[in-house]
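*Asks:* model this:
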Amino acid sequence: MKILLHNAILFDGVSLFGKETDVAIDGGLIEAIGEADLRGGFDVIHDLSGKILCPGFIDLHCHLRDPGQEWREDLFSGSAAGAAGGFTTLVCMPNTDPPLDSPALVSYVLEKSERSPGSRILPAGCVSRGRKGKVLAEMGKMAKAGAVIFTDDGSPVSDTGLLRLALQYSSWLGVRLMEHPEEKSLTAYAQVNEGICSTLSGLKGWPSSAEASDISRGVSLCRDTGVPIHFTHVSAEDSLRVLREAKASKLPVTFDVTPHHLCLSEENVIEGGYDSVFKVNPPLRSRRDRDALWEAVAEGIVDAIATDHAPWHLDEKDLPFQEASFGIASLECAVAAVLTEWEDRGRPCSLERLLGLFTSGPASILPGEWGGAGAGRIEVGLTADLTVLDPELERIVNVEEWKSKARLTPWNGRRLRGWPVMTMVGGRTVHPVEDIDRGLS
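*Replies:* This next block holds a predicted model:
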């Protein structure tokens, strides 16, 4: 099928072009970029006047709960939710039941992804067997089966010797290791950020040093081995000091931040009456920490924005704060939430830099066909993974319309501006679904 995306403002993964242009797609590939003849035999023409055409958004970190916890989310519902949020590719975390620690389970995710209705799903494999932090998992076999990241996310790899060994293996395999930065001895029974939130509530505080100290350990191992390491959901100013120094030393260190840590703070927890929708790991930090994250984005040291989408059943989340599970669901509104906060802050960085954190930034961290030169870009000959963004569209978040099984999020009922309005995976329109129903993809 030949498709023309007409009159789009093009963001190619690096630069935003002010002049409207056309992108032609044929056989799932980008065939041409530039002014097109509308009589050129196109099966479908989409007029994208006033909208931004981007490389498909990539989420390096989301929880899809499949296998074993499908009442919270499954690969099909997560795929549909991702597409509705503008994501063409989702990397699902391995803290499932059983954990994704074998090539058979990696293959299970990939095979089910092929039948999923929306975003492409790529599996992350465990670093340790069973995510227990004791014995190295079958990293080589999982990489061969298609694992794109190794992580014990939900927990750090607390055994430093095991983490060092895993880093060395990941270098040989060409698949990056993602560390969940947390020193568990500092966070046992913690509920909220250590500071005004813990003081006012009496709940145990979660110090930022728990994150920064584990990042320091990982940076030290990176310096020792020369092997790339990625830190996920970085939330605190103290952590940024360590990461800034590592990057200044040209170490192969990368990190992501989340929409909720960019948009919310411990003040939301307090003002929200300690509603469990604000409970997350790591916790929502101080306003100063949140400002520091935006300064890091503007500075250009942040590599990606990742949702850490964490869906829970109402029975597990709609509880008193101290009893509720950690995690925020956000796949379908993450991009709009970040763009709204960016606008409200007076656009502290360029739109190009911000969009790069959803596209070429995360792509650069993935291996093989998913990463490297050209990944997260719009270029002739590349796969047509594309997201159309309407920067002027305002919409109220309504979880009852979500594709995700999650029904609790801090953004429910909030008016956000700047929404993905079309998502294409391999030239196939996966959002909005009405296009699919009309046979437009």
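
*Asks:* any idea how far Pro362 is from the closest residue to Phe17 other than its chain neighbours?
*Replies:* Spatial nearest neighbour of Phe17, excluding adjacent residues (C-beta to C-beta, 6 or more residues apart in numbering): Leu10 at 4.7 Å. In this view, the C-beta of every residue, glycine as well, is placed from N, C-alpha and C. Distance of Leu10 to Pro362, given as C-beta to C-beta, to the nearest Å: 19 Å.

*Asks:* more crowded one of those two?
*Replies:* Pro362 (29 against 22; other C-beta atoms under 10 Å).

*Asks:* quick revisit: can you pull the phi and psi angles for the residue nearest to Phe17?
*Replies:* Here is the backbone geometry of Leu10 (degrees, to the nearest 10): phi -90, psi 130.

*Asks:* quick one: average pLDDT of stretch 140-152?
*Replies:* The pLDDT scores in stretch 140-152 average 98.

*Asks:* Can you mark which positions in it are buried?
*Replies:* Residues of stretch 140-152 classed as buried: Met142, Ala143, Ala145, Gly146, Ala147, Val148, Ile149, Phe150, Thr151, Asp152 (neighbour count, 16 or more other C-beta atoms under 10 Å).

*Asks:* Kindly report the same for stretch 269-283.
*Replies:* Buried residues in stretch 269-283 (16+ other C-beta under 10 Å): Val269, Ile270, Tyr274, Asp275, Ser276, Val277, Phe278, Lys279, Val280, Asn281, Pro282, Pro283.

*Asks:* Now do the helices in the stretch 101-250 of the chain.
*Replies:* For the stretch 101-250 of the chain, the helices defined by DSSP state H, counting those that start in this stretch cover 103-113, 139-145, 160-173, 196-201, 209-225, 237-248.

*Asks:* okay if I get the ones you listed as CSV plus distance to Gly376?
*Replies:* Formatted as CSV, those follow (distance: least, C-beta to C-beta, whole Å):
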stretch, distance to Gly376
helix 103-113, 19
helix 139-145, 21
helix 160-173, 21
helix 196-201, 36
helix 209-225, 23
helix 237-248, 20
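
*Asks:* and the closest residue to Pro103 other than its chain neighbours, what is it in contact with?
*Replies:* Distance criterion C-beta to C-beta, 6+ apart; nearest residue to Pro103, sequence neighbours excluded, is Ala145 at 3.8 Å. Contact partners of Ala145, counting by C-beta atoms under 8 Å, 6 or more residues apart in numbering, are Pro103, Ala104, Val106, Ser107, Leu110.

*Asks:* how many neighbours does the second one have?
*Replies:* Which is Ala104. Residues near Ala104, counting by other C-beta under 10 Å: 12.

*Asks:* Contacts only, for it.
*Replies:* Ala145.

*Asks:* again, but for the first one
*Replies:* Residues counted as contacts of Pro103 (C-beta under 8 Å, 6+ apart) are Glu138, Lys141, Met142, Lys144, Ala145.

*Asks:* The second one against Asp101, yeah?
*Replies:* It stands for Lys141. No - with contacts counted by C-beta atoms under 8 Å, Lys141 stays clear of Asp101, the gap being 10.2 Å.

*Asks:* wait, what's in contact with Gly154?
*Replies:* So Gly154 contacts Met93, Asn95, Arg131, His180 (C-beta under 8 Å, 6+ apart).

*Asks:* let's go with 6 Å and repeat that
*Replies:* Asn95 (C-beta atoms under 6 Å, 6 or more residues apart in numbering).

*Asks:* low pLDDT regions in the stretch 101-250 of the chain?
*Replies:* Across the stretch 101-250 of the chain, nothing is flagged by pLDDT under 70.

*Asks:* Tell me the one of the contacts of Pro103 nearest Glu341?
*Replies:* Met142 (36.1 Å; C-beta to C-beta).

*Asks:* separation between the residue nearest to Pro103 and Ile365?
*Replies:* On the measure of C-beta to C-beta, Ala145 and Ile365 end up 19 Å apart.

*Asks:* mind checking pLDDT for the residue nearest to Phe17?
*Replies:* Taking Leu10 on its own, its pLDDT is 97.

*Asks:* How about Pro99?
*Replies:* Model confidence at Pro99 (pLDDT) stands at 98.

*Asks:* How about it: what's its closest non-neighbour residue?
*Replies:* Arg131 (4.6 Å).

*Asks:* Isn't that neighbour up against Asp153?
*Replies:* No - counting by C-beta atoms under 6 Å, Asp153 is not a contact partner of Arg131; they are 8.6 Å apart.

*Asks:* re earlier: wait, which of the contacts of Ala145 is closest to Val219?
*Replies:* The nearest one, if we look at those relative to Val219 and count by C-beta to C-beta, is Val106, at 28.4 Å.

*Asks:* Next one: the closest residue in space to the closest one that isn't next to it in sequence from Pro98, what distance?
*Replies:* Residue nearest to Val106 in three dimensions, not counting chain neighbours: Ala145, with 4.1 Å by C-beta to C-beta, 6+ apart. For Ala145, the distance to Pro98 equals 15 Å [C-beta to C-beta].

*Asks:* now Pro207
*Replies:* Separation of Pro207 from Pro98 (C-beta to C-beta): 33 Å.

*Asks:* Repeat that for Thr225.
*Replies:* Relative to Pro98, Thr225 is positioned 30 Å away (C-beta to C-beta).

*Asks:* Which of the two has more residues huddled nearby?
*Replies:* Remark: of Thr225 and Pro98, Thr225 carries more neighbours, 16 against 13, as counted by other C-beta under 10 Å.

*Asks:* so what's Val302 up against?
*Replies:* Val302 neighbours (C-beta under 6 Å, 6+ apart): Val257, Ala296.

*Asks:* In a helix, it, correct?
*Replies:* No - assigned with DSSP: H, G, I helix; E, B strand; the rest coil, Val302 falls outside any helix and is coil.

*Asks:* Can you tell me the SS state at Ser404?
*Replies:* With three-state DSSP as the basis, Ser404 sits in coil.

*Asks:* The residue lying closest to it once chain neighbours are set aside and Met93: what is the separation?
*Replies:* Nearest residue to Ser404, sequence neighbours excluded (C-beta to C-beta, 6+ apart): Ala81, at 3.8 Å. Distance, Ala81 to Met93, by C-beta to C-beta: 15 Å.

*Asks:* Ok, Ala334 next?
*Replies:* 16 Å.

*Asks:* All set, thanks.
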